[in-house]
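Colleague: for reference, the sequence and a predicted model appear below.
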Amino acid sequence: MARLPRLYAPRIPQLAQAYFARAFAQASEPAPAADMERLRGWLGLEVARHGLALHAWVITPDRLCLLGTPADAHGISRVIQGLGRRMGAGMPRGRAYQGRYHNALLEPGRWVLPTMVWLESLPAALGYVDAPARWPWSSAAAHIGLGADPLPVSDHMDYWNEGNTPFSRQAAYRRRLEAGVDPRQGAQVEAAILGQWALGERIFLAHLGRLASRRVAPAPRGRPRKAAA
């Protein structure tokens with residue numbers, strides 16, 4: 001089967017996930033802090049270099065996840081490829097990733113915040129920590145006011161709409177993160193990233209279909225109906 005072209009549309013938030021070819025540690029093992037710090041530093045350089053408006057991020061021993069709005073169709077690709085090249089030069093372990101990364105487009109105002117919670121909850125969901133904000137290699141702690149983000153993060157407008165002050169935004173988002181993503185929403189995020197589709201309501205998808213680089217949702221199953229004679 002031919003692989004799908006990258007899904008992109010101007011000014012639309014994008015979720016991207018890339019698995020490392022070899023995990024740096026298993027869930028039962030401590031994360032190698034020196035390696036994780038190097039990855040975080042390199043990621044920050046690539047985000048700044050390619051002008052990615054980064055809204056949320058996480059690096060776990062087995063994967064990289066980014067939520068951002070790229071300046072052009074290749075913005076996130078260049079960040080992920082740049083990190084891969086730095087990994088190849090700075091920590092030779094064979095190829096950097098398991099094949100291509102996957103991406104999905106998100107409807108602003110509806111799916112950005114649930115996807116942020118899903119992304120920043122990954123370390124806890126995978127068993128590395130007992131609470132998302134305890135993982136040092138993500139944007140979770142900064143979003144709930146536990147320090148500045150070490151990466152050049154540009155908070156999405158949906159996060160800003162959580163409150164009129166930094167404190168109120170952080171408190172509102174802390175409640176979201178502590179509650180966790182709704183299981184049904186989490187399954188929808190995972191299905192969108194796996195299938196590399198857009199995630200949103202019907203009106204958004206119809207509008208996006210006129211802007212995107214390719215079809216934004218799976219085609220209906222089965223043969224198309226024949227027109228009546």
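Modeller: Cool, got the structure. Residues are numbered from 1 along each chain as shown.

Colleague: where does pLDDT dip in this structure?
Modeller: Scanning the chain for pLDDT under 70 picks out the ranges 1-4, 211-229.

Colleague: go with 50
Modeller: 1, 222, 224, 228-229 (pLDDT under 50).

Colleague: quick one, strands of this structure?
Modeller: Using DSSP state E, the strands of the chain run over 14-19, 53-60, 63-69, 102-106, 198-199.

Colleague: send me the longest one as CSV with only the CA atoms.
Modeller: Extracted C-alpha coordinates of strand 53-60, given in CSV (Å, rounded to 0.1, in the frame of the first residue of the first chain):
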residue,chain,number,x,y,z
ALA,A,53,5.2,27.4,17.4
LEU,A,54,5.5,24.6,20.0
HIS,A,55,2.5,24.3,22.3
ALA,A,56,3.3,21.1,24.2
TRP,A,57,6.0,18.4,24.1
VAL,A,58,7.2,15.3,25.8
ILE,A,59,10.2,13.0,25.4
THR,A,60,10.0,9.6,26.9
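
Colleague: hang on, the earlier thing: including mean neighbour count and distance to residue 180, could the strands of the chain go into CSV?
Modeller: Quick note: C-beta positions are derived from backbone N, CA and C, even for glycine. Formatted as CSV, the strands of the chain follow (neighbours: other Cβ atoms under 10 Å; distance: least, Cβ to Cβ, whole Å):
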stretch, mean neighbour count, distance to residue 180
strand 14-19, 22, 17
strand 53-60, 24, 15
strand 63-69, 23, 16
strand 102-106, 23, 18
strand 198-199, 24, 18
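
Colleague: so for residue 166, which of those strands sits nearest?
Modeller: Nearest to residue 166 among the strands of the chain is strand 53-60; the distance by Cβ to Cβ comes to 15.9 Å.

Colleague: helices or strands up against that closest one?
Modeller: Helices and strands touching strand 53-60, by 3 or more Cβ pairs under 8 Å, 6 or more residues apart in numbering; DSSP states H and E, are helix 33-49, strand 63-69, helix 112-120, helix 122-125.
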